[in-house]
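[1] Just a sequence and a predicted model for now, questions to come.
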Amino acid sequence: MKSLKSRYNIDNWLTYGLVIFAYIVMRILIANGKVSFALQGQLVPITVYIVMAVSLNLTVGVLGELSLGHAGFMSVGAFSGAISATLLELSVRTTLPAWMRLALAMIIGGIVAGFFGFLIGIPVLRLEGDYLAIVTLAFGEIIKNVINVIYIGYDANGIRISTESANALNLGENGKIILSGPMGAIGITKISTFTAGFILILITLFIVLNLINSRAGRAIKAVRDNKIAAESVGISTWKYRMMAFVTSAALAGAAGALYALNYSTVVARKFDFNTSILVLVFVVLGRMGNIRGSIIAATVLTVLPELLRTFNEVRMLVYAVILILVMLVRNNTTLQHLYQRIVTKLRYDRPPAEEGDEA
Amino acid sequence: MTFLSYLISGISLGSIYAIIALGYTMVYGIAKMLNFAHGDVIMVGGYMSFMATTNFGWPPLLSVLFAMGVCTVLGILIEQLAYKPLRSAPSLAVLITAIGVSYFLQNAALLIWSPNPKSFTSVVLFDSVRLFDGKLIISGTTIVTIVACIIIIVALNTIVNKTKVGKAMRAVSEDKDVAQLMGISVNKTISITFAIGSALAAVAGVLLCSAYPILMPTTGAMPGIKAFTAAVFGGIGSIPGAFLGGILLGVIEILGKAYISTQLSDAIVFAVLIIILLVKPTGLLGKKVLVKV
Amino acid sequence: MNRTTTKTKMVPLPSQSIIPERDTAKTPILEVHRLGINFGGLVAVDDFNIAVGRTEICGLIGPNGAGKTTIFNLLTKVYKPTSGAILLDGKDTSNMNTVQINQAGIARTFQNIRLFPSLSVEDNVKIGLHNQVKYSMISGVLRLPVFFSSERRARERAMELLDIFDMTHLASHRAGSLPYGAQRRLEFIRALATNPKLLLLDEPAAGMNPSETEELMSNIEKIRDQFQIAIMLIEHDMRLVMGICEGIAVLNYGKIIAKGTPEEIQSNPLVIEAYLGKKNGRLSC
Amino acid sequence: AGQTTKPTETDGPATPSGTDTAPSESKQDETDPGTSTDTAPIKLGGIGPLTGSAAVYGVAVANGAKIAVDEINALGGMQFELNFQDDEHDAEKSVNAYNMLKDWGMQILVGTVTTDPCIAVAAESFSDRIFTLTPSASSPAVVEGKDNVYQMCFSDLNQGIASAQYIQEKGLGTKVAIIYNNADAYSTGIYNKFISEAADKNLEVVSSTTFTDDTANDFSVQLMEAQKAGADLLFLPIYYEPSSLILAQADSMDYEPAFFGVDGMDGILTMENFNTELAEGVMLLTPFAADATDDLTVSFVAKYKELYNEIPNQFAADGYDSVYAIYEALKDSNVTAETPANELCDLLIGIFSGGDFVFNGLTGVDMTWSETGEVAKAPKGMVIENGVYIGMD
Amino acid sequence: MLKVNGIHVFYGNIHAIKDVSFYVNEGEIVTLIGANGAGKSTILKTVSGLVRPATGTIEFLGNNIVNLSPHIIVRKRLAHCPEGRRLFSQMSVEENLEMGAYTREDADIEADMEDVFQRFPILKERRNQLAASLSGGEQQMLAMGRAMMAKPLLLMLDEPSMGLAPILVEQIFEMIAELNNAGTTILLVEQNAQMALSIANRGYVLETGSIVTTGNCADLLNDKRVKKAYLGG
Ligand SMILES: Nc1ncnc2c1ncn2[C@@H]1O[C@H](COP(=O)(O)OP(=O)(O)OP(=O)(O)O)[C@@H](O)[C@H]1O
Ligand SMILES: Nc1ncnc2c1ncn2[C@@H]1O[C@H](COP(=O)(O)OP(=O)(O)OP(=O)(O)O)[C@@H](O)[C@H]1O
Ligand SMILES: [Mg+2]
Ligand SMILES: [Mg+2]
């Protein structure tokens, strides 16, 4: 029998291969002008959602805790990334190349979101099941609510922050408002690229897949499967739950930064409960714990609503129906039974003479 | 006195959350699924009552019964078509389907009733109670809502704890396989659960719209989430807990607005929620599930 | 160190070893002193005293609901005792939690099997090896050389352990899909993988037929000899208990009613009355 | 050029054959396939929320714009084809819709309806050089720094200033309380400007409280604060749905200040089943009133009612006007369906900010546009009496 | 009474039961024995409808019950006491027993519960405690009691003696015999093959999903292979 180890490896390489292949194909098609604007415009969001889905899968699929606030971490990453990218652009004398600003913004977004992941992890990880889920939801809502009242500006005197209004920043000459309450981060220079997204996916896969298939990953899965048993063999459940939670948050943060820097504006409202749920849909549809599934589901479900534009006003209705049908078909037991029945029919409906033949 | 009027406002708002949370908890406690479409069934209930009173000219009480009837059928239908085939699938799969149903209902409502908001005429006929020369006003809707909540709590508790169907519900919620081995029809039990839950959603929808008389396809979404929060806050599966959770959520929201900040009212509500859960990790009235080691 | 956290008055620690003459030289691996716990009004364990020698196999028997599993839960800090002290290797354990207890040297199996059902058999054992084969998360993610060498070691060790119960061919199966008996053995192996000084087995033979039980008995003895550990087991299969235990304590209603060698226990009328029944009493095994 | 799979367009007839090549907005097939040029329509793109919580605005704009296009096409002469896409009130979806319209061959953009999606899309249309006229995205940030982006509606700044001025000049109130939506750029924008203008005008603001879309149910605290502070005028720089709740709740509290709204308040009277008595005496600054008696409004409202069975609100009028403004601007030029978008863009910029382009529409007369893209039109002060708007002057 | 014919059962792609046929006559005690993983529990689950066979027929009282839902099968008075106790852990002891009598409408329920309490006095002591708090053996008694409350025509027991004190093991087997005398047909799965064979009429020996031997109990007890494999040296 093939060892599990090598099966993991093949599986992982398949995942990497799929991503790299898709990237190369897209590049070639774009170079030949064969990709519609609509699809080109979606490339960065697709990569963002893939990273979101893969990172959420770490919490939901691998750690086995339902998080309803993953968009909150994306939000933290998006705003810290957007703010730092804009500040870098405004303040650093020797202008950094765009890709470097983007990279720094993603790193900062990741770190800040990871830190928030840690903070929220402290209360969250004392809870279980749906109580935990509700706290993640609460966190997402708090972030959304708080960002709406923060104003940040930059002028010759440096950074200014206010919780009242843009006017209260009292910016001097040439001052620039970076974050403007409900208007969100405005005046972002778009620097996100498909390639950056591709690299972020690779990094995410590297971190997540390697983590899952290592000692720490095993411990995380052990905690998911049976907390009491995990503790009985000397595994600190707190430590490994936190590890998964923070990693997941940090990756979502990096994705958030990439997302924010793909548009000239980003608002807190974007990262609400619905976005958290959307990412959860990717994870569940792609099967919990299945990384490749997350990637495919995120891609398909991001593109799908755009493909459905032909349906006009019934578009979202059609989307809902497709979503339900896909879930039903994917989990249909009768189909599975039918399959088994056919298989046995083929094997055993022949003359009664059959003895223990299989090895 | 000001505090008292804030408190009453909080209870008014909370009673609405509570009545939604009761339906939520009902389905949630038994079918063990987060029925994210619950908020949208509420919305449908609102529209039904609206149509009955405004378009057909029916009396308010009849409109409520009509809404309950339609929602019950709708609930059973949703359950049969979308959730039943997933009986043996992981619970998150059902949650996603529920989200699909929620999208479906919202968008169907958008097409049927257009996105334009409608102004709802309260079904509560009697006036607000005014105390201390009108300094304290308790609206008729609030009184009706709280009374309805209490009736529902008593009724649900009786059903769940005293009747055969209630026992079946509890058995199903614990272990579907073994429940079947006891001769319980899991499908029938869950259908009944959904029927009751949806009827409650209709009542909640009508009262929600009576208290805050505006009706749109998205009307149920946010109250649905808040009520879900309230249900968890009160302790999952605990019927009085859902009520208490709802009331408290409303009170915290109003007091937070009044004494801290209107801008951050949601942040305050959720922060308080987190703190309380830290102290009481299984919600206000939730029992810790006993695990035998 | 606070050795006596008893709420009652201090009593000198008597030599509680079931077979005192065996271990006089060294301190016993486990000393339990006046242990007790209540659940609400129910006194589940009361004034429980025992000492277990370093390589002793001892049995804990008693009627259903006597408090045996509860004692295991107290030893592993799943429950906090209402009174009493537990000394492991001479050290007080009152400030330890479940995780620390395992790291200090107690491993256990569960009466209601608690595996990691969605993981492979091999991974279940490797999780048991968690604190034996260590490397940091960073080396794991970056796939540093230490990752590969440690993982190889973990795999080899896991296979060695599985081999004790002839389970290497099941290594890649999902633990949850194993038949009941195999799950019990896997739990045993997983506990063993944590390199304990004291192994607590809660009904290891439940769900095994007599010939399987016999195999298990010889394995338990083999493991004790090979790993030089102490084993304390709860079991209702008298053939196993009487066959391999050097000392036996009998519990009833949370209290010890008898202690002694298998022979003594089998002929103890109290034990026969409360636990063994007429037919099983004196039944030679 | 190979055919790519791209989303096919929706409204109206299919794209003229032969132009459906690799997407690039400058790439226009030179070979005329033979159809007569005067019937080939100019492609207008439209973007706004047709689903989701803001659908009410997007659908209204789309409907209004559709009526305008149909009317114009019926006139003969210049023809338009409108393709209106849903953006769910989300910047990402809005940009997606925009790109899809680009694939379709959009030459001019009427959109987008809501503010922050509009900011995101405007940045795209700016770099693509596609002329953009937003019917209703009112934040100054929409047009800021983008020479090709114009607004049909008042900017938030204007509304804030105008409201404060109006209240002060007419002496409508001495102590003002404000309730605004602090999660909404439109509302916050007006509020901020109003506050600073009120300070200049010595208008006393005694209470400002907020809500968000998630807490837009219960306004008791906000109203009690206002009442406690002794406010005699309640300024509501918000949309009409929450306003209707505020009016109802104030009524139940026996609190009766003067109410002053902005253009978002329009629509309140036509809300199905709304008890217009609640809105009695409410004042608002709005460019459009469905029960105005001028011919244009009357015919528009009649048409709208016939087609959609509803009474149009300001957004519908904005959509209608936006299409007409573009039509008026282009009417005399000889642009065709073949004119590249960037040429149209430069042409329209020239016309709109040229100084002598004056437009009369449903939402105002003698409208002109500044180079920044803001519209100049006189706000109409209205007061609701007996369930209808009455001009206040 | 029960006739199982040529069933095949799969878990995913594991072929757990391969072409198994057997029957149980009215009034009999029939036992299935076999090593861990032989498929004993799977067979019981298939009969009670929890697991669906890929092919094959199962007749109970002359009616085909394959593919019926478990709750319908139970109502035909075929009860299954599953492996691993499977109690309603958040319900009290008493409620668990009531659940056992769920399909019954008669007036004897109270009396039967008293009967169970009489057999297992410890349960009476714990009657208001949650099932989850019971000890392993107490849970086993409760599971058995719950199955008895159903008053079935055919009772399938999956390892009823597991985790019970020796004194109770005796008692359980006595009870099984008593139930049988009172008219209940019994299909018994036991690890304690010696005991099982000593009270049963007939037995089937299962190996890796197939039946390898069958016969009446006396014969099986003396069968060398059976002795070696299941009864211990
Ligand atoms: N968490 C708890 N709450 C209440 N009672 C409990 C709890 N845990 C155990 N008990 C009670 O304590 C007693 C001892 O239980 P324990 O599980 O230790 O028994 P045991 O000796 O292991 O029995 P068995 O041989 O049947 O497994 C039982 O009567 C049980 O009902
Ligand atoms: N849920 C499951 N998924 C996959 N395989 C399973 C599952 N349940 C049982 N099996 C497999 O089916 C076979 C038969 O298992 P079953 O539980 O019926 O055995 P058993 O004879 O009852 O064993 P035991 O004596 O240990 O209870 C075993 O090989 C087991 O691994
Ligand atoms: Mg026990
Ligand atoms: Mg079995």
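    Structure received. Ligands and ions are numbered 1, 2, ... in the order given.
[2] unless I'm mixing things up, residue C:88 is touching residue C:29, no?
    Yes. Using C-beta atoms under 8 Å, residue C:88 is in contact with residue C:29, at 7.0 Å. For glycine as for every other residue, the C-beta is placed from the backbone atoms N, C-alpha and C.
[3] anything in contact with each of these two?
    C:105, C:197, C:198 (C-beta atoms under 8 Å, 6 or more residues apart in numbering or on different chains).
[4] Now do the helix or strand where residue A:278 lies: which elements does it pack against?
    Following DSSP states H and E, one finds residue A:278 within helix A:273-285. With contacts defined as 3 or more C-beta pairs under 8 Å, 6 or more residues apart in numbering or on different chains; DSSP states H and E, the packing partners of helix A:273-285 are helix A:37-57, helix A:70-91, helix A:129-147, helix A:291-307, helix A:315-330, helix B:91-113.
[5] got the angle between the longest one and helix A:273-285?
    Helix B:91-113 and helix A:273-285 are oriented at 130 degrees to each other (axes from the mean of the first three to the mean of the last three C-alpha atoms, to 10 degrees).
[6] try the second one
    Per the same axes, to 10 degrees, the angle that helix A:70-91 makes with helix A:273-285 is 120 degrees.
[7] and helix A:70-91, C-alpha only, in PDB?
    In PDB, the C-alpha atoms belonging to helix A:70-91 read as follows (Å, rounded to 0.1, in the frame of the first residue of the first chain):
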ATOM      1  CA  HIS A  70     -13.000  36.100   8.800                       C
ATOM      2  CA  ALA A  71     -13.800  39.200   6.800                       C
ATOM      3  CA  GLY A  72     -13.000  41.100   9.900                       C
ATOM      4  CA  PHE A  73      -9.300  40.100   9.600                       C
ATOM      5  CA  MET A  74      -9.500  40.900   5.900                       C
ATOM      6  CA  SER A  75     -10.700  44.300   6.900                       C
ATOM      7  CA  VAL A  76      -7.900  44.900   9.400                       C
ATOM      8  CA  GLY A  77      -5.400  43.800   6.800                       C
ATOM      9  CA  ALA A  78      -7.100  45.900   4.100                       C
ATOM     10  CA  PHE A  79      -7.100  49.100   6.000                       C
ATOM     11  CA  SER A  80      -3.700  48.700   7.600                       C
ATOM     12  CA  GLY A  81      -2.300  47.700   4.200                       C
ATOM     13  CA  ALA A  82      -4.000  50.500   2.400                       C
ATOM     14  CA  ILE A  83      -2.900  53.100   5.000                       C
ATOM     15  CA  SER A  84       0.600  52.000   5.100                       C
ATOM     16  CA  ALA A  85       0.900  51.800   1.300                       C
ATOM     17  CA  THR A  86      -0.400  55.300   1.000                       C
ATOM     18  CA  LEU A  87       1.800  56.600   3.700                       C
ATOM     19  CA  LEU A  88       4.800  55.000   2.100                       C
ATOM     20  CA  GLU A  89       3.900  56.700  -1.100                       C
ATOM     21  CA  LEU A  90       3.500  60.000   0.500                       C
ATOM     22  CA  SER A  91       6.300  60.000   3.000                       C
END
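[8] Take the shared contacts of residue C:88 and residue C:29 and keep only those in strands.
    residue C:198 (DSSP state E).
[9] Can I get the shared contacts of residue C:88 and residue C:29 in TSV including neighbour count?
    Shown next, in TSV, are the shared contacts of residue C:88 and residue C:29 (neighbours: other C-beta atoms under 10 Å in any protein chain shown):
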residue	neighbour count
C:105	20
C:197	19
C:198	23
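[10] List just the nearest of the shared contacts of residue C:88 and residue C:29 to ligand 2.
    Closest approach between the shared contacts of residue C:88 and residue C:29 and ligand 2, by C-beta to the nearest ligand atom: residue C:198, at 27.4 Å.
[11] Can you tell me how far the closest one is from chain E?
    Residue C:198 sits 21 Å away from chain E, taking C-beta to the nearest C-beta, to the nearest Å as the criterion.
[12] Surely residue A:216 is in contact with residue A:243?
    Yes. Taking contacts as C-beta under 8 Å, residue A:216 lies within contact range of residue A:243: 6.1 Å.
[13] overlap in contacts of those two?
    Contact with both residue A:216 and residue A:243 is made by residues residue C:137, according to C-beta under 8 Å, 6+ apart.
[14] Neighbour count for those two, which is higher?
    With neighbours defined as other C-beta atoms under 10 Å in any protein chain shown, residue A:216 and residue A:243 compare such that residue A:216 has more, 24 against 21.
[15] Tell me the secondary structure of residue C:36, please.
    Counting by DSSP: H, G, I helix; E, B strand; the rest coil, the backbone at residue C:36 sits in strand.
[16] Any stretches of the chain with poor pLDDT?
    Picking chain A for this. Judged by pLDDT under 70, chain A has its weakly predicted residues at A:1-8, A:92-94, A:336-337, A:339-341, A:343-359.
[17] Let me rephrase: I mean chain D.
    For chain D (pLDDT under 70), the answer is D:1-39, D:393.
[18] One more: chain B?
    Using pLDDT under 70, chain B drops low at B:1, B:134.
[19] Residue nearest the middle of the chain, spatially speaking?
    If you meant another chain, say so; for now it's chain A. residue A:52 (0.4 Å; C-alpha atoms, centre = their mean).
[20] sorry, should have said chain C
    residue C:200 (0.2 Å).
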